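S.K.: Take a look and give me a structure for this.
(chains A, B, C and D)
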Protein chains: 4
Amino acid sequence: MSNQKIKVAVAGVGFIGPVHIESIRRAGNLDVVALFHPFESEAAEKAAAMGIPKYYVDYDKMIKEEALDCVHICTPNNLHYPMAKTALLAGKHVICEKPLATTVKEAEELLALAREKKLVHAVSFNLRYYPLVRQMKKMRENGELGNVYSIMGSYLQDWLFYATDYNWRLEPDKSGDSKAIADIGSHLIDLIEYISGLSITEVMADFSTVHPTRKKPLKAVETYSGKMLSPEDYADVPIKTEDYASVLLRFSNGSKGVVTVSQVAAGRKNRLGLEIHGSNVTMSWNSETPNDLWIGKRNEANQVLMRDPSLVDKDVRSIIAYPGGHNEGFGDTSKQLFKEIYAAVREGKQPATPTYPTFEEGLRELRLCDAIVESHRKQGWVRIS
Amino acid sequence: MSNQKIKVAVAGVGFIGPVHIESIRRAGNLDVVALFHPFESEAAEKAAAMGIPKYYVDYDKMIKEEALDCVHICTPNNLHYPMAKTALLAGKHVICEKPLATTVKEAEELLALAREKKLVHAVSFNLRYYPLVRQMKKMRENGELGNVYSIMGSYLQDWLFYATDYNWRLEPDKSGDSKAIADIGSHLIDLIEYISGLSITEVMADFSTVHPTRKKPLKAVETYSGKMLSPEDYADVPIKTEDYASVLLRFSNGSKGVVTVSQVAAGRKNRLGLEIHGSNVTMSWNSETPNDLWIGKRNEANQVLMRDPSLVDKDVRSIIAYPGGHNEGFGDTSKQLFKEIYAAVREGKQPATPTYPTFEEGLRELRLCDAIVESHRKQGWVRIS
Amino acid sequence: MSNQKIKVAVAGVGFIGPVHIESIRRAGNLDVVALFHPFESEAAEKAAAMGIPKYYVDYDKMIKEEALDCVHICTPNNLHYPMAKTALLAGKHVICEKPLATTVKEAEELLALAREKKLVHAVSFNLRYYPLVRQMKKMRENGELGNVYSIMGSYLQDWLFYATDYNWRLEPDKSGDSKAIADIGSHLIDLIEYISGLSITEVMADFSTVHPTRKKPLKAVETYSGKMLSPEDYADVPIKTEDYASVLLRFSNGSKGVVTVSQVAAGRKNRLGLEIHGSNVTMSWNSETPNDLWIGKRNEANQVLMRDPSLVDKDVRSIIAYPGGHNEGFGDTSKQLFKEIYAAVREGKQPATPTYPTFEEGLRELRLCDAIVESHRKQGWVRIS
Amino acid sequence: MSNQKIKVAVAGVGFIGPVHIESIRRAGNLDVVALFHPFESEAAEKAAAMGIPKYYVDYDKMIKEEALDCVHICTPNNLHYPMAKTALLAGKHVICEKPLATTVKEAEELLALAREKKLVHAVSFNLRYYPLVRQMKKMRENGELGNVYSIMGSYLQDWLFYATDYNWRLEPDKSGDSKAIADIGSHLIDLIEYISGLSITEVMADFSTVHPTRKKPLKAVETYSGKMLSPEDYADVPIKTEDYASVLLRFSNGSKGVVTVSQVAAGRKNRLGLEIHGSNVTMSWNSETPNDLWIGKRNEANQVLMRDPSLVDKDVRSIIAYPGGHNEGFGDTSKQLFKEIYAAVREGKQPATPTYPTFEEGLRELRLCDAIVESHRKQGWVRIS
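M.R.: Residues are numbered from 1 along each chain as shown, chains lettered A, B, ... in the order given. Below you'll find the predicted structure:
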């Protein structure tokens, strides 16, 4: 199929769906032929605005009627499992937003099904596609980091800072039993295992719900956009999931670490910070200044490595679009992710060792989140099965 | 024509042409139907790689044969004038890379022609579309800056650092009598007038050619990509244009400033820095960390304003795609620029007061560069006509 | 005694003793009349180099013979208790380096004795005297911070990075059962309680000894200076204390936090970082750039408050020596600390509510360190008694 | 005289005098035996506060009566020449604040006199004593920088931001014909020549007086402290000297540069920034974060070198007091400067090649400032004689 445009549909057009659509269009010879959104008028409006030929309010109908190669699932978390399953059963390749499902069991089922059907499966851990994240991975692989001594991570946001900030992610039936850990901690933990090449073997967590009651707006607002609205009519809703969590980590090589996540940290808009102490150097990076990697040294000056194709590891160059100093950002990560996934889609099958995150990593994430939630509940260390 | 896809061609596919193509695809309901490149095999290869249906090695033929709405001119500088003229005469809207032409006279002719033909005309000063650049402009317009006391700017790069770094921009017949000022100084000076709302009235320049002889590679390399190659076979070429320049500036309100540009500043990959001292605050920004704006205050803590739709002026929100903390970069500027230009293309005519840079600004740039070159030659102040 | 110079002796002249001496001389009308060091030739040399009239190799003799007002104890940790006790019994005011003692019991005894004798007692938590640390405390007291939601802290160094890095602090008989927590974690935890006004009520710790064997040099080297020497003759020494620790914290207001300390983090020379998330703002500060305080806000631009007497809380001005932009550093903290302590010494008695850290805080530190060590040993949460 | 305390007097106790006194006390075996201040009650008060045994309101009397070794001149600029002359004629070593005098002729006379009398003479260009400034000098000397391509400097402050900010430095009869250039530009230009080893051969300046009228307070305020006062009773005073200046520079090796100074740049408290582009690396440093040196590279990651004795050139270690990460600041520069000057005082004579700035540099500064002022007046390039 190498000369044809690949046909793609996107399910869900809240915050992340449109990011997918734009990134698909940048990733090469691809065609977004349809979108799914459950509400007729909004679906029509979005399709027109983004120049997408068709829209559906019935997901199953879209899967049945359209000659799709691949489906992107960008709906609320509780819909990931049924929609991914439907697509796989219909023989479509699937790119799913994280989390892959709401339970480990569902995720195991999806992974097994994708394998059985020999379809391309991917989970959108797009943050792996910041070029300097891959650079850190390569520095670990090629020995520049040395042995990992310890890992510190944090992911801080402020979009849920006020009790009047509200979103479907706060509702366990849509989003699951964990909020901050599942929503943003999962990205952080994925990066930690991805970069370090280590497995987390034990976790010890402590959660905090800063706003035990939140005020739910009586009309719908999109993720992140809420902060631009003035509070109007709200209903009180008790909140059970965590706004903040810290988790002690133990790794497969005996080293230790800790992560902290908060969605109520004023002024931190979307800051994933990561610092890995190795026996050769320290690597420190954060997502708010993603074009710089700080490299700490004991006996020489520290370094700041810029995202520049001429300065990074040769295996990182393929996911850099512009020369050094031409800042790349959040939007560029999905484009690079999709470029690698769609190379597989074009081949028609999952490669033996995919460069992109798959349903395996999606399943891994759910196992780790489960263990973290269990650790908080039992107030003690939990071993990862 | 509001429901149809707008038909676009791109002439030139070196470094900046592909940036245009990707940005056009992100900017909405647009279709890149053809590209021009003078060499058959490369043209074919690029068209295939980017999924563009047709390619031409004869620009005039493309203009004649294709039912184009708009042409992007991304070729070397000396071709801007003839290609823009051909497109305008054929009734096409034109988006031209800077500089608009190689002489003031040519630029005047193009501006007059575009006006006569009532076509949309734009020059790609894309750096204006960093959201925080527009934010600075708004802060000046709404009085937050106060009166301008002084302006300091610099644009520093290192891609011509070595004598073995070579590019067509070094050759006056292709690029004009000025290199650093014309190539990057023009962006800086455009931003200064755009943000401050002031006109530069006098300039006093001093240039320096750090490498009076450069080694030209015996095979072609793309802009910026040269630094990844090892030096091989080179020919000695005497260089007459400047690697470095400093220019004292005087403004229409009596205030003063200075800009420095260098393309031989090791470690500065592509850093445009700007600091404007006003009677209320100082604003400081640079293109390598474009998501932060430093605001200096005398009697309060200084501020760092992040590119966040909820924090900026309401007129800046339309050119921000993602929430705060989701870094945006160089690639996003062209997308936002094209969105505003294509809104005009869709209307079929240049608006009375365009939000985007037009041939007027392209002409202004040439006048300023001429004055700067003249000032260096005569070693004294030159008044802008 | 307001017109006389206060007579001071300093015991111990390794790394921190000379810092005390210089700071005493800056703090006003004080006179360092003698020093103690156990080795004759070094003692003589140091006294001469620093222009101190007398030196002693017998501490008790110094206390007996000199008409001292106040003694600074800067010797290894295990000598703090006996030397402080001797000085107090002789009626001298005492300024003790941290830790106050090696056990809670000893510290309790010293506190009781100092109170009984009505003498000035202080522990050198000098980091409290970075002006922006006090500024954070004031911002909490005056409501600018709001309620504390969470606290993240870290203290990272690299002077023990290599297995060949060695120091008496690694030896439990001189330094106690904990290294990183006792040595640097104590400063961090002290600042957290000082700034937040909260008490830590429970801790959950996990330690890591990165180098289980270190190579001890066969000749003595001063703290910190070791890194400038080449490794020569070393003996293998098994290490039991931690190079790294992370500790989950719970606070008296129900909020939570975490601290991480490491002395094997390449490139982090001496970086205490602290971030406190409040219901109004976030405050973030680190000791390597101590003249800047980052203040995070949800609905406004973030701020960077410089250490400037005209910008800080009025109660902070007294510990700032220079105008904004004239960087102050580590050496300035002890000077400011001593100025406040010696105001009490001049009055001849401890004030009712001292502004400086006293033996109470020294005792508190030991209790917290004990609990942290116990938590690591029992692998569970430990409540602070 | 190696065992005796050196006897020192300080003339002038405004902002900088007390900085000298404290630094003298840190610099070793020195004794401040007297101070001069023209107003009896203030002189008495300052002497008591700083524990200085004697004060004088008659400078000549102090020079005559006290058995001084060395005099520090910290009075307003117009008094430097007569006071330095008096001290030299009386056989005292002299440490003079900059500028050395108000005219080149006076400075030449003082230099000749100091040489004739074989006395130690120094000018307090203390900024040279930021350890990383000396590091830059060493990197140039040892070839790490390579040939200088260009130099950019700025010195920005905001303490004269408002028309109500007032100081004796604004009055030509006390301070000379130039304000910003003489006051802070002189430090910047001194560092440029010191670090680069180049001489400035030509200058081209443009000045701006942002506040042509200022409001002088009707009672005296100290330098820098004015900003903490509320405006009360003021008198209108016309201002002739510059608040802002930019100066194009040409160097002895043919390279070029530019400096900008402003004392009306909101939020810039005291920021001297310097960037030197060499044929090997770029070095960038500023005085507000003086413990970090940015080193730019074309083919490797950029570096940030911390002020750490184990990381700098061996000839820089002697002016570093604390290990890396223990921030040093403004107060530490004078201490290190005085340590080097007083080593010469102890020898009783100026060394053949002093490491510290002398009257020669003081004279050089006046020549350069004169040329800059002349260039602004004649609106053209001026060659340095």
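
S.K.: Which pLDDT does the model give the residue in the stretch 101-250 of chain A that chain C sits nearest to?
M.R.: Here the stretch 101-250 of chain A gets closest to chain C at one residue, A:Ser246, 4.1 Å apart by Cβ to the nearest Cβ. In this view, the C-beta of every residue, glycine as well, is placed from N, C-alpha and C. Looking at A:Ser246, its pLDDT reads 98.

S.K.: Now name the helix or strand holding it.
M.R.: Per DSSP states H and E, A:Ser246 falls inside strand A:244-251.

S.K.: One more: A:Val10?
M.R.: If you go by DSSP H and E, A:Val10 is part of strand A:6-11.

S.K.: Can you tell me which helices and strands that strand packs against?
M.R.: When contacts are defined as 3 or more Cβ pairs under 8 Å, 6 or more residues apart in numbering or on different chains; DSSP states H and E, strand A:6-11 sits against helix A:16-26, strand A:30-36, helix A:59-65, strand A:70-73, helix A:330-347.

S.K.: quick check, distance from the third one to the centre of its chain.
M.R.: Computed by Cα atoms, centre = their mean, to the nearest Å, the separation of helix A:59-65 from the middle of its chain amounts to 26 Å.

S.K.: what about that helix, average pLDDT?
M.R.: 97.

S.K.: in it, what's buried?
M.R.: A:59, A:62-63 (16 or more other Cβ atoms under 10 Å in any protein chain shown).

S.K.: coming back round to it: could you check the angle strand A:30-36 makes with the strand holding A:Val10?
M.R.: Interaxial angle, strand A:6-11 versus strand A:30-36 (axes from the mean of the first three to the mean of the last three Cα atoms, to 10 degrees): 30 degrees.

S.K.: With only the CA atoms kept, save strand A:6-11 in CSV.
M.R.: Taking C-alpha atoms only, strand A:6-11 is exported to CSV below (Å, rounded to 0.1, in the frame of the first residue of the first chain):
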residue,chain,number,x,y,z
ILE,A,6,-3.6,5.7,4.6
LYS,A,7,-7.2,6.2,5.8
VAL,A,8,-7.6,7.3,9.4
ALA,A,9,-10.5,8.1,11.7
VAL,A,10,-10.4,9.9,15.0
ALA,A,11,-12.8,9.1,17.8
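
S.K.: That one pairs with which strands, and in what direction?
M.R.: strand A:30-36 (parallel), strand A:70-73 (parallel) (DSSP bridges).

S.K.: Buried ones in the strand holding A:Ser246, by neighbour count?
M.R.: A:244-251.

S.K.: now do stretch A:149-167
M.R.: Those would be A:149-167, for stretch A:149-167 by 16+ other Cβ under 10 Å.

S.K.: now swap in stretch A:290-302 and tell me
M.R.: Along stretch A:290-302, these residues count as buried under the neighbour rule (16+ other Cβ under 10 Å): A:290-298, A:301-302.

S.K.: Just the ones in strands from those, please.
M.R.: Among the buried residues of stretch A:290-302, DSSP state E puts A:292-296, A:302 in strands.

S.K.: Between those residues, which sits nearest B:Leu100?
M.R.: A:Asp292 (34.7 Å; Cβ to Cβ).

S.K.: wait, isn't the closest one in contact with A:Leu132?
M.R.: Yes. With contacts counted by Cβ atoms under 8 Å, A:Asp292 reaches A:Leu132, the gap being 7.4 Å.

S.K.: before we move on, back to that, so which of the buried residues of helix A:59-65 comes closest to A:His376?
M.R.: A:His376 lies nearest to A:Tyr59 out of those, by Cβ to Cβ, at 34.4 Å.

S.K.: Quick one: residues contacting the closest one.
M.R.: Contact analysis of A:Tyr59 by Cβ atoms under 8 Å, 6 or more residues apart in numbering or on different chains lists A:11, A:36, A:83, A:86.

S.K.: how does it look with 10 Å?
M.R.: By Cβ atoms under 10 Å, 6 or more residues apart in numbering or on different chains, the residues touching A:Tyr59 are A:9, A:11-12, A:36-38, A:71, A:73, A:75, A:79, A:82-83, A:86-87.

S.K.: repeat for A:Leu160
M.R.: A:166-167, A:169-170, A:179-180, A:183, A:210-211, A:214, A:226-227, A:239, A:243, A:262-265.

S.K.: Over to it. Which of the three states is it?
M.R.: coil (DSSP: H, G, I helix; E, B strand; the rest coil).

S.K.: Please report phi then psi for it.
M.R.: The phi/psi pair for A:Leu160 (degrees, to the nearest 10) reads phi -110, psi 30.

S.K.: measure it to chain D for me?
M.R.: Counting by Cβ to the nearest Cβ, to the nearest Å, the gap from A:Leu160 to chain D is 32 Å.

S.K.: Repeat that for A:Pro99.
M.R.: For A:Pro99, the distance to chain D - Cβ to the nearest Cβ - is 36 Å.

S.K.: Would you agree that residue falls within a strand?
M.R.: No. Counting by three-state DSSP, A:Pro99 is located in no strand; its state is coil.

S.K.: burial count for it?
M.R.: Using other Cβ atoms under 10 Å in any protein chain shown, A:Pro99 is surrounded by 24 other residues.

S.K.: which residues sit in contact with it?
M.R.: A:77, A:80-81, A:106-107, A:123, A:175-176, A:178, A:182-183, A:186, A:362-363, A:365-366, A:369.

S.K.: same check, this time on A:Lys5
M.R.: A:28-31, A:33, A:69, B:51.

S.K.: if we go to 6 Å?
M.R.: A:29, A:31 (Cβ atoms under 6 Å, 6 or more residues apart in numbering or on different chains).

S.K.: hmm, back to that, pick the most deeply packed of the helices and strands packed on strand A:6-11.
M.R.: strand A:70-73 (a mean of 27; mean count of other Cβ atoms under 10 Å in any protein chain shown).

S.K.: how close does A:Lys314 get to A:Leu132?
M.R.: 15 Å (Cβ to Cβ, to the nearest Å).

S.K.: Give me the contacts around the longest helix that chain A contains.
M.R.: Longest helix in chain A, counting residues (DSSP state H): helix A:359-378. For helix A:359-378, the external contacting residues (Cβ under 6 Å, 6+ apart) are A:99-100, A:104, A:107, A:110-111, A:114, A:121, A:123, A:177-178, A:181-182, A:186, A:189, A:203-205, A:207, A:247, A:382, A:384.

S.K.: Now intersect those residues with the helices, please.
M.R.: A:104, A:107, A:110-111, A:114, A:186, A:189.

S.K.: Need the max-distance pair from the residues you listed.
M.R.: Farthest apart among these by Cβ to Cβ are A:Ala114 and A:Ile189. That separation is 22.1 Å.

S.K.: coming back round to it: closest to chain B out of the buried residues of helix A:59-65?
M.R.: Using Cβ to the nearest Cβ, the buried residues of helix A:59-65 come closest to chain B at A:Met62, 21.4 Å.

S.K.: I'm done for today, thanks for sticking with me.
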